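>>> predicted model, plus sequence, below.
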Amino acid sequence: MIVRRAERKDARQILALLGQVLEVHAAIRPDIFVSGTTKYTKEQLFEIFEDETRLSFVAEEGETVLGYALCEIREPKKAENLVPFRSLYIDDLCVDESARGKGVGTRLFEYVKTEAVKLGCYEVTLNVWEGNGPAKAFYDRMGMKPKETLMELILKEEK
């Protein structure tokens, strides 16, 4: 297995994996996520692949994409109360259901960390939805710790 930058030829397989991620989220939060959709279209993936502030990686075996990581370089707004720093935000990371538990996610995550260091990033960040226990457990194993908690109060009842 190799990890490399994502290319246009990977879009079809990444879209399939995006579908897997969406279904996990739709099962957890059907009030937010629409089953049967994906976060990005093929055209949007092409734009992401070409954006200098976005880094996209795939873990590949042969011609098969086993997983991907879509990342974004972020720098906080300039403010008197904040130390300026660069962050690499993992927008999305997915390993194919059939390849989970085989080290693919770990290889992807370690690759992302290495790239973040090369870019002079202070940290790697991401969001995990409440209810996604397997993802939380994975990121705990990778050494990640909670940074802040986004809280909600739902005001509109579902019909």
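Received it, and whenever you're ready, just let me know what you need.
>>> for the chain, what's the longest helix?
helix 11-28 (DSSP state H).
>>> ok, residues contacting the very next helix or strand once past that helix?
From helix 11-28 onward toward the C-terminus, using DSSP states H and E, the following helix or strand is helix 42-50. Helix 42-50 is contacted by residues 6-8, 11-12, 14-15, 40, 54, 56, 70 when judged by Cβ atoms under 8 Å, 6 or more residues apart in numbering. Just so you know, the C-beta spots here come from the backbone N, C-alpha and C atoms, and that holds for glycine as well.
>>> how far away is residue 78 from residue 72?
Taking Cβ to Cβ, to the nearest Å as the measure, residue 78 falls 18 Å from residue 72.
>>> name the residue in these two with the higher neighbour count.
residue 72 (17 against 7; other Cβ atoms under 10 Å).
>>> for burial, what's the neighbour tally of residue 18?
21.
>>> my read: it touches residue 36, true?
No. Residue 18 lies out of contact with residue 36 (Cβ atoms under 8 Å); the separation is 11.8 Å.
>>> what helices or strands is the strand ranked longest in the chain leaning on?
Taking DSSP state E as the criterion, the chain has its longest strand at strand 64-74. Identification of packing neighbours for strand 64-74 by 3 or more Cβ pairs under 8 Å, 6 or more residues apart in numbering; DSSP states H and E yields helix 11-28, strand 54-61, strand 87-95, helix 104-118.
>>> beta-bridge partners for the residue nearest to residue 116 when sequence neighbours are not counted, please?
Once flanking residues are discounted, residue 116 sits nearest to residue 88: 3.9 Å by Cβ to Cβ, 6 or more residues apart in numbering. When assigned by DSSP bridges, residue 88 has beta-bridge partners residue 73, residue 124.
>>> secondary structure element for residue 139?
Going by DSSP H and E, residue 139 is part of helix 133-141.
>>> check the average confidence over that helix, would you?
Mean pLDDT, helix 133-141: 96.
>>> now residue 46: how far from residue 15?
11 Å.
>>> and if you look at residue 85?
33 Å.
>>> out of these two, which sits in the busier spot?
Comparing residue 85 with residue 15 by neighbour count (other Cβ under 10 Å), the higher total belongs to residue 15, at 16 against 12.
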